[in-house]
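Enquirer: Pasted the sequence and its predicted model underneath.
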Amino acid sequence: MRYVISDIHGEYGLCMRLLEKIKFSGGDTLYVCGDIIDKGRESMRLLNFLLNEPDVKCILGNHEYAFLALYWSLMRSSPHDFDRVLETLRRQFPYDGKLLGWDIIDKLEALPLFIEEEEFICVHAGLPLDDDCRIVPPQSVKDTFLLNDRSFLRPEVVPKDGKCVCFGHTPVRNVCGEDKILAYKREGCHGDKISNYYKIHLDTGTWLGGPLGCLCIDTCTSRYVKKLFGGWR
Ligand SMILES: [Mn+2]
């Protein structure tokens, strides 16, 4: 089975419980629509896991992009002092920064800003639509749009092409007041095919206390895990 998830934000334990719940195993694929790091306490543990897992396909979110921007600026200002650069990068993650190594930085740098498959596109924030509500090819869109634009939040903004757009970036609670995965089905479409959906909004507000959810692309059903202890984290 194929699954898609977004905005895990350092919640390694929740992510593991979700993978257990869906019985994620060999032959399955997990697409991660960015914002793996920051906010939660186990950003580096989560990143190490996801980037080293062959069945996991990640794209960059604005949080990874900001981290890489810091890395690039440090390399420009002290190009020969690798120890200092790594030390500064590790300090960005007060709880588990020591787990950051150069292998992870290299893998992060190699991540794409979107993944396009036959029936769906994964992007962190959204895609521009042309005058006929067709998707503008993501390779011709500015990085900042793919990472930050919030127009996809609006229910009436739907791509009329045959592909479904999977995205996160803003908690679904900002749209409908609930922490759940919001799937927008095309009018007149029956059956559970991902291409029967205009778009899937995946950010279940995990860092705000919401559950962590993923959508199974092959059955178009959502699964969630809740935090064991309430409160902020
Ligand atoms: Mn984001």
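Expert: Happy to help now that I have it.

Enquirer: Tell me, how many residues neighbour residue 227?
Expert: 17 (other Cβ atoms under 10 Å). Yep, even glycine has a C-beta here, placed from its N, CA and C like the rest.

Enquirer: State the pLDDT value of it.
Expert: pLDDT recorded at residue 227 is 88.

Enquirer: For the nearest residue to residue 138 once chain neighbours are set aside, grab phi and psi.
Expert: Across the structure, with Cβ to Cβ, 6 or more residues apart in numbering as the measure, the residue nearest residue 138 apart from its sequence neighbours is residue 114 (4.4 Å). The phi/psi pair for residue 114 (degrees, to the nearest 10) reads phi -160, psi 160.

Enquirer: from memory residue 173 sits against residue 182, does it?
Expert: No. Judged on Cβ atoms under 8 Å, residue 173 makes no contact with residue 182 at a distance of 10.0 Å.

Enquirer: Show me which residues of this structure are close to the ion?
Expert: 35, 61-62, 169 (Cβ under 5 Å from the ion).

Enquirer: Recalculate using a threshold of 8 Å.
Expert: 7, 34-35, 61-63, 124-125, 147-148, 168-170, 203 (Cβ under 8 Å from the ion).

Enquirer: Please state the offset of the lengthiest helix in the chain from the chain centre?
Expert: Identified as the longest helix of the chain according to DSSP state H is helix 62-77. Centroid separation for helix 62-77 versus its chain: 19 Å, with Cα atoms, centre = their mean, to the nearest Å.

Enquirer: for stretch 192-200, same thing?
Expert: With Cα atoms, centre = their mean, you get 18 Å for stretch 192-200.

Enquirer: heads up, I number from 2, so please use that
Expert: Okay, using 2 as the starting number, the last item reads as stretch 193-201.

Enquirer: Quick check: end-to-end length of that stretch?
Expert: 13 Å (Cα to Cα, to the nearest Å).

Enquirer: Can you give me the buried ones in it?
Expert: Within stretch 193-201, the residues that count as buried by 16 or more other Cβ atoms under 10 Å are 195, 197-201.

Enquirer: Look at residue 7 and report its pLDDT.
Expert: Residue 7 is given a pLDDT of 98.

Enquirer: The closest residue to it other than its chain neighbours - how many residues pack around it?
Expert: Nearest residue to residue 7 in three dimensions, chain neighbours excluded: residue 169, at 2.8 Å (Cβ to Cβ, 6+ apart). Close neighbours of residue 169, defined as other Cβ under 10 Å, add up to 28.

Enquirer: Residue 169 against residue 124, yeah?
Expert: No. The pair residue 169 / residue 124 is not scored as a contact, 9.1 Å apart, by Cβ under 8 Å.

Enquirer: Check the contact lists of these two and give me the overlap.
Expert: residue 34 (Cβ atoms under 8 Å, 6 or more residues apart in numbering).

Enquirer: can the residues of the chain next to the ion go into JSON lines with extra columns for secondary structure and distance to residue 219?
Expert: What follows is the residues of the chain next to the ion, written out as JSON lines (DSSP: H, G, I helix; E, B strand; the rest coil; distance: Cβ to Cβ, whole Å):
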{"residue": "8", "secondary structure": "coil", "distance to residue 219": "22"}
{"residue": "35", "secondary structure": "coil", "distance to residue 219": "22"}
{"residue": "36", "secondary structure": "coil", "distance to residue 219": "24"}
{"residue": "62", "secondary structure": "coil", "distance to residue 219": "24"}
{"residue": "63", "secondary structure": "helix", "distance to residue 219": "29"}
{"residue": "64", "secondary structure": "helix", "distance to residue 219": "28"}
{"residue": "125", "secondary structure": "coil", "distance to residue 219": "22"}
{"residue": "126", "secondary structure": "coil", "distance to residue 219": "25"}
{"residue": "148", "secondary structure": "helix", "distance to residue 219": "28"}
{"residue": "149", "secondary structure": "helix", "distance to residue 219": "30"}
{"residue": "169", "secondary structure": "coil", "distance to residue 219": "20"}
{"residue": "170", "secondary structure": "coil", "distance to residue 219": "24"}
{"residue": "171", "secondary structure": "coil", "distance to residue 219": "26"}
{"residue": "204", "secondary structure": "coil", "distance to residue 219": "21"}
